[in-house]
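# any chance you can model this:
(4 chains, ligands or ions: 2)
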Amino acid sequence: MPLSREEIEEIKSILSREPTLEELAMFEAQWSEHCSYKSSRRLLRLLPTAGRNVLIGPGRDAPAVEVFPGVAVVFKIESHNHPSAVDPYNGAATGIGGIVRDILTLGAKPIALLDMLYLGDLRDSRAKWLAKGIVKGISDYGNRIGIPTVAGDTWFDSSFNTQPLVNVACVGIAKTEELVRDRPAPRDAILVIGNPTGRDGLLGSSFASKPLSDNPSEDIGAVQVADPLMEKILIDSILELARKKLVKFVKDLGGGGLTTAVAEVAADFDLGAELRLDRLHLRTELTPLEILVSESQERMMLVVDKEKLADVVAVLEKYDVPRSLIGFFDGSGRIKAYYENKLVADIPAKELAKPRDIWRLSRPPVELVKLLNPVSDIPVVSVAEALDSLLSSPNIASKKWIYEQYDHEVGIRTILKPGFGDAAVLRLDTGDRRGIAVKGDANPRYTAIDPFNGAANSVAECYRNLVAVGSTPVAFVDEPNAGNPEKLEHFWYFEMMVKGIAWMTNELGIPVVGGKVSFYNEDYRGRQVKPTATIVGVGAIEDVGRVKSIDLKHEGSTILVVGTTYPELGGTEYLARVHGIEAGGVPTPRPSSELRNASYIAKLIDDEIALSVHDIGLGGLAVAIAEMAVLSDIGVEIDIEKIPHRGCSRLDEILFSETQARYFIEVKPERVEKALELASALGTTAAVVAKTTGRKFYTVKLGSITVIEKHLDYLRELHEESLRKTMV
Amino acid sequence: MGLYRVVAVVSYRRGLKDPEAETIYRDLILRHGYSAVKEVRVGKQFTLLVEAESPERAVNYVKEICDKLMIYNPVIHELYVTIHA
Amino acid sequence: MGLYRVVAVVSYRRGLKDPEAETIYRDLILRHGYSAVKEVRVGKQFTLLVEAESPERAVNYVKEICDKLMIYNPVIHELYVTIHA
Amino acid sequence: MPKIAILKFPGTNCDEDVLKSLREVGREVRAEIVWHKDFRLADGWDAVIVPGGFSYGDWLRAGAIAARSRAVLELPEAAIKSVPVLGICNGFQILVEAGLLRGAFLPNESGRFICRWVRLRVDNPKGPWLSLAKNGDELHMPIAHGEGRYYIEESDYKSITSSSPLIRYLPNDNLNGSSYDIAGVGTEDGYVLGVMPHPERAVNPLLTPRGFKPGGEVIFRSILYSLKSGW
Ligand SMILES: Nc1ncnc2c1ncn2[C@@H]1O[C@H](COP(=O)(O)OP(=O)(O)O)[C@@H](O)[C@H]1O
Ligand SMILES: [Mg+2]
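Ligands and ions are numbered 1, 2, ... in the order given. You can find the predicted model right below:
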């Protein structure tokens, strides 16, 4: 996004003169939406960021929370939507690279990756090409740098056909006292390490801050080839530097390149800096302007005490890390950049780093009423056939084809692996059995119909997933992916998503410690993709030996449903997939039920009453229990009459409604009484609705009538093979 | 009608980083002292056996395939199609 | 002394299953109706810029590199070295 | 106390896992991650493990560049001096590329990277890495590789099948299309062993999914036992 006329005037008044070309480029990079949050900052202030466990909130490259005394988790989310739309392989891969470097800036060891992918309809050839390239890019990069990709979320919708959403997250750990967070001071050296800087990725952030052009091959500036080997070398060397306490401060050279890295540090610590641009190691000859704003990948900035420079260089030497000493911080408050002894830029750091907020206007779109009105007269269909079509729906079908291409075991921490639990669980190796749970979630359909409630439901779903495995949710990071903020109706979606996230996280009492915003997610005709609120959460686990997976454990167990079912078919996968309708409002967020039911689940897991737990999400009850049966190869028989509901008058409402705050739990028959007692003590709705059987069948009964009966092998084939079949 | 062997080579566009080529050059070729090598580039080669009326048609047919089926990504790749000697 | 561009192509020996080539042929080319294609093979092409006294020397130099540094593995690969036109 | 070197290259990423698992199996071992530039066989290592990962980005071919490194060029010497060498995944690929073990690696038959637990069988266990394994033992471990299709010519296979230790995928678990279901192979004396699946990921029952048992443990227990008591 080029600078606006007002912005140029403002720059002139900041400098009290005409800016040089270099200065203009620096402002353009730093004031881009991607780097400056100028449209979003005002709204992001609504998010609850404080909490007892929060060590570092928003502001640095990544936040940190203390999950256990002395144990810090650093985690963050990032989007690489625009690069992935033109070069899916490298776009997604460099997204992983960027998020890992954010985690490294605090000296934390990256231990897990997550990928939340919102892809096009696989029947479209470009969408399929993008989907394959994205998965391959994440696989090749994540696998090579040795960080397991342990969880994610995958969704398919034709609005993403040309502009997919690639949201990635990384989780790192460190001892609290070993986090790299000293204050940079005057005379500290500025080292840039990693890839030689090139013309690739010139002004990439401005690219991410404008709509796609209709000819993607013109967007060359934003294209960058991923180099996972260099990233791996950066990881190894930075962790060694951090362990030896040789660096004061580390920053990623990401969006806005050198300009952003230096300006933000200087502004945050009341410093200035003197840069010698000609000292930077380059891959091709570049002008000073290009050096200032290039976004070449796999580069980082180290702030080093002069005394320790030699020790730092020795470590970099060992790993053969390319590097250059490009300048020093000072107390001037100004960024001065020299090229061959000529001053090419001289800007006050604070004004550069923090442009004035833009007050964006918003307006709900007129079609909204149609989307929010309840859908009436849904035709009656065979629920047995509907179940088949849901289990094979790419949104619900197993994502095995994707996650088996990811090394999800490296690091030997992955206790609950993809596909087995509602969240992934990793042990921490702190010398005990403690661990963390992580998961990312979104529902683009919900947020497209009702961004406030939809986003609130993304938070709730992530929360439930963390609870279901037996963890205590600690913190979230968020990524609203919206359209063009200059368009009132697009901005409205963004505003409502942020408000929905803020409301729900406040209700649940879990802080949002960081996040990222992505705008301009439009196709070339200016239509926004389904606005999507992605939430990634971390939960704490005392004993990883006691986590709960979703697969049923025994024949002859009892299954309870937790939570009341309401007739909430609006926005569901059932309504979309079976009836072709994407409207009718969305299921109501129910924060107090979430809290109540979560503490019930936690109690059942603590008291070792629950054998397996699965939250009820997309596809409703019928799908959730089928997933449990199929994964374990243990038959189930569920009786619809026993399901606690309010106001449901049809079979499909009970079976496929996506009412929030519900779970299935498997319990040994002799513990059922205890489970129900606990439920009434806590005021939770729980009821015995099903049992596991020795027959390999999935059976749904209405009293004595059999409504659905299917062999597990048949359902498994639908669930496990559908995605693979569409991918070839 | 004849049978032609058409070769399509896909490589990164000049100016873009080519990590594979750079690693092979630096960590293999130079490290072993083959310093008369000044540059290395790597590409993927597809050899298609095509039935066509003329060599020109065969080449065009392959070009069309590469474009339409997105065998390469013009944003980052160069494509070079020739008939096999 | 001159600078020569030498091309080394490494491809799988015939008879070895090459999943990449098969996938491109079956799932892409044939599925989209390009039935005039009768076969697809995939290889890797290395282009080396070599300083040498003659084109022959340049080629031999590259052959030596390919052998000594095992740019290809004779158990599974075929190697084909030429000077660039 | 025996000293085991875990060799690390740019791109190696299972070094710490191997170290962790070795320590989990036995306290009486001094295992150390050694950066390839610092590795000298003459430093008195009692065994060497080349762990998995993507050495030099796996560019050219998996393991090919590391195989030409100075550190690996010292390994044939290890074989002569009876120092046991184990290659895991990328380490196996490196040993094959370096000519310490027979065969070659091709891309998986599916054309895709695959990460999944598999079942294996041990044939003809011998040497320091399999001293505690019994013929026909079934072992479970995860694989995680893109170029794991082991290829060996028939004549070579015939010459090793009766004399060398072999680890095979059970027929349904040969996901990459390896010749003769081979997942691991050793030299005739078993001093040098390469395995494609990851034993270090299959030591702790907590990390073992339903239906599987941690089958990597026996390899680590074997080497610790062998270094102490011979084999
Ligand atoms: N893109 C992906 N990458 C890695 N794992 C994924 C991806 N998509 C889904 N998964 C995994 O597949 C399983 C099912 O995911 P999902 O359907 O999102 O579960 P839920 O409905 O409980 O949120 C989880 O283990 C999840 O982490
Ligand atoms: Mg779930």
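# note down every partner strand of the biggest strand by length in chain D and its orientation.
In chain D, assigned by DSSP state E, the strand with the most residues is strand D:114-123. Partners of strand D:114-123 in the sheet, by DSSP bridges, are strand D:138-145 (antiparallel), strand D:166-169 (antiparallel).
# would you indicate which residues of the longest helix belonging to chain B are buried?
Longest helix in chain B by number of residues, with DSSP state H as the criterion: helix B:55-68. With burial defined by 16 or more other Cβ atoms under 10 Å in any protein chain shown, the residues of helix B:55-68 counted as buried are B:55, B:57-59, B:61-62, B:65-66. For the C-beta atoms, the positions are set from N, CA and C on the backbone; glycine is no exception.
# okay, those in TSV with pLDDT and distance to residue A:364 next?
Written out in TSV, the entries for the buried residues of helix B:55-68 read as follows (pLDDT from 0 to 100; distance: Cβ to Cβ, whole Å):
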residue	pLDDT	distance to residue A:364
B:55	95	61
B:57	96	57
B:58	96	57
B:59	96	55
B:61	96	52
B:62	97	52
B:65	96	47
B:66	96	46
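# which residues sit against the longest helix of chain B?
Counting contacts by Cβ atoms under 8 Å, 6 or more residues apart in numbering or on different chains, the residues outside helix B:55-68 that touch it are B:2, B:4, B:6, B:8, B:10, B:48, B:50, B:52, B:71-72, B:74, B:79, B:81-83, C:29, C:32, C:34, C:36-37.
# so what strands line up beside whatever helix or strand comes next after that helix?
As assigned by DSSP states H and E, the chain's next helix or strand after helix B:55-68 is strand B:77-83. Here strand B:77-83 is paired, per DSSP bridges, with strand B:2-12 (antiparallel).
# the partner strand versus helix B:55-68: what angle between them?
With axes from the mean of the first three to the mean of the last three Cα atoms, to 10 degrees as the criterion, the two stretches strand B:2-12 and helix B:55-68 enclose an angle of 40 degrees.
# okay, the next helix or strand after strand B:2-12 in PDB with CA atoms only?
On the C-terminal side of strand B:2-12, the nearest following helix or strand under DSSP H and E is helix B:19-23. Taking C-alpha atoms only, helix B:19-23 is exported to PDB below (Å, rounded to 0.1, in the frame of the first residue of the first chain):
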ATOM      1  CA  PRO B  19      19.300 -23.100  -1.800                       C
ATOM      2  CA  GLU B  20      20.000 -26.500  -3.400                       C
ATOM      3  CA  ALA B  21      22.400 -25.100  -5.900                       C
ATOM      4  CA  GLU B  22      24.200 -22.900  -3.400                       C
ATOM      5  CA  THR B  23      24.600 -25.700  -0.900                       C
END
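# how far does helix B:19-23 sit from its chain's centre?
Helix B:19-23 sits 16 Å away from the centroid of its parent chain (Cα atoms, centre = their mean, to the nearest Å).
# is stretch A:80-92 positioned near chain B?
Yes. Applying Cβ under 8 Å from any Cβ of the partner chain, one finds stretch A:80-92 in contact with chain B at A:86-87, A:89-90.
# pLDDT on that stretch, on average?
Taken as a whole, stretch A:80-92 has an average pLDDT of 96.
# check whether it comes near chain D.
No. For stretch A:80-92, no contact with chain D is found by Cβ under 8 Å from any Cβ; the gap never falls below 13.6 Å.
# what about that stretch, start to end distance?
Counting by Cα to Cα, to the nearest Å, the length from the leading to the trailing residue of stretch A:80-92 is 6 Å.
# ok, longest helix in chain D?
As far as residue count goes, and with DSSP H defining each element, the longest helix of chain D is helix D:217-229.
# how about that one: buried residues?
When burial is assessed from 16+ other Cβ under 10 Å, helix D:217-229 yields the following buried residues: D:217-227.
# quick one: buried residues of stretch D:175-195?
By neighbour count with 16+ other Cβ under 10 Å, stretch D:175-195 contains the buried residues D:175-187, D:189-195.
# next, see if it gets close to chain A.
No. With Cβ under 8 Å from any Cβ as the criterion, chain A is not reached by stretch D:175-195; the gap is at least 9.4 Å.
# now do that stretch: distance to the chain's middle.
Per Cα atoms, centre = their mean, the displacement of stretch D:175-195 from the mean C-alpha position of its chain is 9 Å.
# same deal with stretch A:341-355?
On the basis of Cα atoms, centre = their mean, the separation between the geometric centre of stretch A:341-355 and that of its chain is 33 Å.
# and it, what's its mean pLDDT?
Across stretch A:341-355, pLDDT averages out at 93.
# okay, now residue A:310: neighbour count?
Taking other Cβ atoms under 10 Å in any protein chain shown as the criterion, the count of residues near residue A:310 is 10.
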